[in-house]
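Trainee: Got a predicted structure plus its sequence, pasted below:
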Amino acid sequence: MPDKERTREEAKAQALALVSDALEKMQFGAINLTVHNGRLVQIDVTQRQRFEPR
C-alpha cells in the first residue's frame, strides 16, 4: 500500500475511533463532523448534562 493511502487509512481509523469513543462516553449530546474537500478536518463533541427537577 503506498504511503499516501496508508496515511488516509490511518486518519480514517483514528477519526472512527474518536467518534466511537465519544459515543460510548456520551448519554446526551451531539457529535458534529466538519468536512472540507471530502476530508474530515474537525470533530466537535457537545455533551449535555440533564438534571432531574426537585
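Mentor: Arrived safely, thanks for sending.
Trainee: Please export the C-alpha coordinates of stretch 6-14 as PDB.
Mentor: Extracted C-alpha coordinates of stretch 6-14, given in PDB (Å, rounded to 0.1, in the frame of the first residue of the first chain):
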ATOM      1  CA  ARG A   6      -1.700   4.300   4.300                       C
ATOM      2  CA  THR A   7      -1.900   7.800   5.800                       C
ATOM      3  CA  ARG A   8      -5.500   8.200   4.700                       C
ATOM      4  CA  GLU A   9      -6.500   4.800   6.100                       C
ATOM      5  CA  GLU A  10      -4.700   5.700   9.400                       C
ATOM      6  CA  ALA A  11      -6.600   9.000   9.500                       C
ATOM      7  CA  LYS A  12      -9.900   7.300   8.800                       C
ATOM      8  CA  ALA A  13      -9.300   4.700  11.600                       C
ATOM      9  CA  GLN A  14      -8.300   7.500  14.000                       C
END
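Trainee: now this structure, which segments are flagged as low pLDDT?
Mentor: 1 (pLDDT under 70).
Trainee: Please enumerate the helices of it.
Mentor: Applying DSSP state H to the chain gives helices spanning 3-25.
Trainee: Need the residue closest to the centroid of it.
Mentor: V19 (3.2 Å; Cα atoms, centre = their mean).
Trainee: residues contacting that residue?
Mentor: Contacts for V19 (Cβ atoms under 8 Å, 6 or more residues apart in numbering) come out as 31, 33, 43. In short, each C-beta sits where N, CA and C put it, glycine included.
Trainee: can you do 10 Å?
Mentor: Each residue near V19 by Cβ atoms under 10 Å, 6 or more residues apart in numbering is listed here: 31, 33, 40, 43, 45.
Trainee: hang on, D44 packs against L18?
Mentor: No. Look at D44 against L18 with Cβ atoms under 10 Å: they stay out of range, at 11.0 Å.
Trainee: Looking at these two, which is more packed in?
Mentor: Set side by side, D44 and L18 show more neighbours around L18, with 14 against 10, by other Cβ atoms under 10 Å.
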